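**Student:** Sequence first, predicted coordinates after that:
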Amino acid sequence: MAGGTAQDNGTQGDTYKEVRDWLLAPAWVTLIVLVLLPVLLMLVYSFLTKEFRGGVIWEFSFAAYEQFFCDRGLFGDEPCAIEWTYINIFWRSIWQAGLATILSLLIGFPTAYFIATRPAHVRPLWVFLITIPYWVNLLIRTVSMRFMLREEGPINNALMWSGLIDNPLQMINTNFAVQIGLFYSYLPFMVLPIYAAVERYNFTLSEAASDLYASKWTTLRRIVLPAVRPGVIAGCILVFVPSLGAFLAPDLLGGAKNFMIGSLIEEQFKGNAGNWPFGAAASMILLTLVLVILTLYARQQARPDKGAR
Amino acid sequence: MSQDSTNAIDVRQAVKRYGDFTALKTISLSIHDNEFFTLLGPSGCGKTTLLRMIGGFEDVTEGEIFLYGQEIESLPPNKRPVNTVFQNYALFPHMNVLDNVSFGLEMLGKSKPEARQRAGEILELVQLSDFAARKPAQLSGGQQQRVALARALAPQPKVLLLDEPLSALDLKLRKAMQLELKHLQRETGITFIFVTHDQDEALTMSDRIAVMSAGELQQLGDARDIYEKPANRFVADFIGETNLIDVTIKSQDGQRALCEFPNGLTLTCDARAGLEDGQTGHMSIRPERMKLHAAQVNPENFTGRVVENVYAGTHVQSILHLKDDMKLTVRTQNSDLGNSMVFEPGTEVFVDVERGAARLMAH
Ligand SMILES: Nc1ncnc2c1ncn2[C@@H]1O[C@H](COP(=O)(O)OP(=O)(O)OP(=O)(O)O)[C@@H](O)[C@H]1O
Ligand SMILES: [Mg+2]
């Protein structure tokens, strides 16, 4: 890759190439130290044997993956049947993350559109306002969301006071709370890319559509959305991927029965009860899943007839 | 409302203000059915603003706009039987040419096959049938321009608005498109309202021209009116090339006025209402309406010295200095006859102004 494909002919080209390679060095170092090495480490760990009080024994083993996929009965001596426990957790996590992404999109798109259509000089202010809550640590935000959703929390109190309900709603420790938590955690990742796309959108196209008898809704659907699609997709990926691996929101808001992959992995590395190789294996499976989804998407994007309609 | 419903557009005392900036100051004009009408004026004079008010993209601060006798102020753009060719074309980048052109027809409720068939016919009209499957980004500027035109014509609007549609094209293509547009207007019978800041374009294409400046209508008339009988100094100066001279009225006999130039030379011309003896006005003399002679041919001829001759293909432009170095430009046709009336720099010559060529204006 670093070699490049430019026509490096003669000494001048060589010097140019040398300088360029040096300039790329920081990017390579970052990529290797911060991305490749940790992933490789996890990959190696996932094939090691677990040590009982956390940590690993340097001995090759498939045990972690077997534990994930194989059910060998109570005593571990039966032939391998499919183990559903973890697959179900994965499936539920994908489902939760998908819902959170849709919720973020439904709220984030109008928000981004609103900001992008304000006069140019107030837009930075709106973006600033959107990002203010995110200056506070995610843990603290999630805890305060727990406080808001409690039975005696402000939301229930307000609803009771207004007479809309007689008994407090059970919001905490539900799927709903996890959704709210994930939505609240990652909303700006949806808003900002869409905002950037809408801001670059040429609104004369909307005028042209309107001139050609399209209603506001049709204009949005047929003209605006296709034009800002890259921003929408970037936003969805940026919300979906971290939601999939999230553990704070499911832990603090969802309670025991709304367990997600993130929590599963987190538990393996916490305290003495953990199982590092199993946590590493679950991480590798999650990573593979995300890569497969992104690759499928990229494939579909690259199809030449795409978007012709 | 007792509006004349045979007019395509009636603009009645329309005013447009942005905050405390007035972009249009009380404009009234009527555009006839089936007319090629041009809004002409320098940049920033409010042409686009007026066009956008007719299209429904800007609201009218004061006044009214009628379309075939119907008040349209309350209608949004998608309810007005008016289509626009946008200055930068605004083609939908993700749709191919055929889908761009059939979009409006589909929105009007035509079935997809029907809309496509009609779009195909329109594409044939603008000679783009071979490009139907291409995306706008795969077309040249001139082709994009024709797609924009086809897209706006396809729904058969009552009025077509064109905002400087040719300004991005090179000269040769622009000339060709001018004729093509004119033919299309004749063929379709649709009223065209065409915006340009290019006076040549306006003169060659239009049935009538509205000259605007600083948010005001300066003159409305056909090309000949505007060129030969400019209403004021601005129009005379903006349309074509001219010699503008500040003059003082010495005397008038009702028909003709005797005007004095700042350097004391005098010339008679048609009198203008509103100018009394002793008052000052402006005189416009087109360079091609004067001839140079070696000897005096008329008692009103004045003398001058040729300073420079500029060869410009179809004609030769001679710069003269009259008395007190007053500058005058004279244009001579590049023909055998014309060239016999071009004199070497330094030569003293007589300038003969054609009768009726000097136009006196109050403002
Ligand atoms: N949205 C707006 N807010 C404030 N002023 C505006 C707005 N739109 C136009 N103007 C002003 O109104 C005046 C007329 O603008 P308009 O676009 O109609 O000019 P134009 O004659 O079309 O010029 P050009 O030939 O450059 O396109 C200009 O001075 C412009 O600055
Ligand atoms: Mg304009």
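**Tutor:** Structure received. Ligands and ions are numbered 1, 2, ... in the order given.

**Student:** ok, the closest residue to ligand 1 within the stretch 101-250 of chain A to residue B:75 distance?
**Tutor:** Closest residue of the stretch 101-250 of chain A to ligand 1, C-beta to the nearest ligand atom: residue A:119 (10.3 Å). (Glycine included, C-beta is placed from N, CA and C.) Applying C-beta to C-beta, to the nearest Å, the value for residue A:119 to residue B:75 is 26 Å.

**Student:** quick one: which of these two has more around it?
**Tutor:** For residue A:119 versus residue B:75, neighbours defined as other C-beta atoms under 10 Å in any protein chain shown are more numerous around residue B:75 (15 against 6).

**Student:** Quick check: the more buried one vs residue A:46, distance?
**Tutor:** Taking C-beta to C-beta, one finds residue B:75 at 66 Å from residue A:46.

**Student:** try residue B:261
**Tutor:** Counting by C-beta to C-beta, the gap from residue B:261 to residue A:46 is 99 Å.

**Student:** helices or strands up against the helix or strand that contains residue A:40?
**Tutor:** Assessed by DSSP states H and E, residue A:40 sits inside helix A:37-46. Using 3 or more C-beta pairs under 8 Å, 6 or more residues apart in numbering or on different chains; DSSP states H and E as the contact test, the elements touching helix A:37-46 are helix A:276-302.

**Student:** Go through the helix it packs on and flag the buried ones.
**Tutor:** Within helix A:276-302, the residues scored as buried using 16 or more other C-beta atoms under 10 Å in any protein chain shown are A:276, A:277, A:278, A:279, A:280, A:281, A:282, A:283, A:284, A:285, A:286.

**Student:** Tell me the spacing between residue A:56 and residue B:93.
**Tutor:** For residue A:56, the distance to residue B:93 - C-beta to C-beta - is 54 Å.

**Student:** The stretch 51-200 of chain B against ligand 1: which residues are in contact?
**Tutor:** Within the stretch 51-200 of chain B, the positions near ligand 1 by C-beta under 6 Å from any ligand atom are residue B:197.

**Student:** residues contacting the residue of the stretch 51-200 of chain B found nearest ligand 1?
**Tutor:** Residue nearest to ligand 1 within the stretch 51-200 of chain B: residue B:197 (4.7 Å; C-beta to the nearest ligand atom). Residue B:197 makes contact with B:40, B:41, B:42, B:43, B:47, B:164, B:167, according to C-beta atoms under 8 Å, 6 or more residues apart in numbering or on different chains.

**Student:** if you set the cut-off to 6 Å instead, what comes out?
**Tutor:** Neighbour list for residue B:197: B:42, B:43 [criterion: C-beta atoms under 6 Å, 6 or more residues apart in numbering or on different chains].

**Student:** now the strands for the stretch 101-250 of chain A?
**Tutor:** For the stretch 101-250 of chain A, no strands are identified by DSSP state E, counting those that start in this stretch.

**Student:** who in it is up against chain B?
**Tutor:** Within the stretch 101-250 of chain A, the positions lying close to chain B (C-beta under 6 Å from any C-beta of the partner chain) are A:204, A:205, A:207, A:208, A:210, A:211, A:212, A:213, A:214, A:226.

**Student:** Can you add distance to residue B:147 and neighbour count and give these back as CSV?
**Tutor:** CSV is the format used below for those (distance: C-beta to C-beta, whole Å; neighbours: other C-beta atoms under 10 Å in any protein chain shown):
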residue, distance to residue B:147, neighbour count
A:204, 15, 16
A:205, 14, 20
A:207, 17, 19
A:208, 12, 28
A:210, 18, 24
A:211, 15, 28
A:212, 13, 29
A:213, 18, 22
A:214, 17, 23
A:226, 18, 16
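
**Student:** quick one: which of the residues you listed is nearest residue A:177?
**Tutor:** Distance to residue A:177 across these (C-beta to C-beta) is lowest for residue A:226, with 35.3 Å.
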